[in-house]
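# Need coordinates for the below:
(one chain, ligands or ions: 1)
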Amino acid sequence: MKDGKSLTDYGAAIYKKCHYTCAYCGFDGRSFENWRQLTIDHIRPVKQDGQNTEENKIVACQSCNSITSRMTFPSDDSVETILEKKKARVREILKRDFEFWRTEVAPSLVSRPLQNVQAWKNSADDEQELSGVDDAN
Ligand SMILES: [Zn+2]
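Numbering: from 1, shown residues only. Take a look at the predicted model:
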């Protein structure tokens, strides 16, 4: 992705619009290491007639981009509808993954405090948290 193109080609304006944060999970891409995990996501996939416009682009971490990459959408879905569907899918996967991590991975990580987890683990309270991009502007 970041293969020697100019900052404009990288979608610098999109990164800025999204505050270097994944639109789906809230991953903070402001540090160099984390920035490298960010991608530009076409909200409506190009393969499904998604436009290569700023309105159809958003920042997604590689993990969320991967989660949403195989989703398909009816041709009359708006960008907003697709965005909500993708957020819902990511939320679903993160909850499943978190449960696996909590029960299978975390117990062996004795030095790591369990309270140090992301907001998406709570189903009721995460709607605002995950709709960050729209609210942040
Ligand atoms: Zn993400």
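
# What's the local residue count around Asp80?
Asp isn't right for residue 80; it's Glu. 10 (other CB atoms under 10 Å). Every C-beta, even on glycine, is put in place using the N, C-alpha and C of the backbone.

# what about the residue most central in space within the chain, distance to Ser75?
Centroid-nearest residue in the chain: Tyr24, 3.1 Å away (criterion: CA atoms, centre = their mean). Plainly put, Tyr24 is 22 Å away from Ser75 if you go by CB to CB, to the nearest Å.

# how about the residues of this structure that lie near the ion?
Cys22, Tyr24, Cys25, Phe27, Cys61, Cys64 (CB under 5 Å from the ion).

# Other residues contacting stretch 32-40?
1-2, 10-11, 14-15, 20, 22, 27-29, 57-63, 65 (CB atoms under 8 Å, 6 or more residues apart in numbering).
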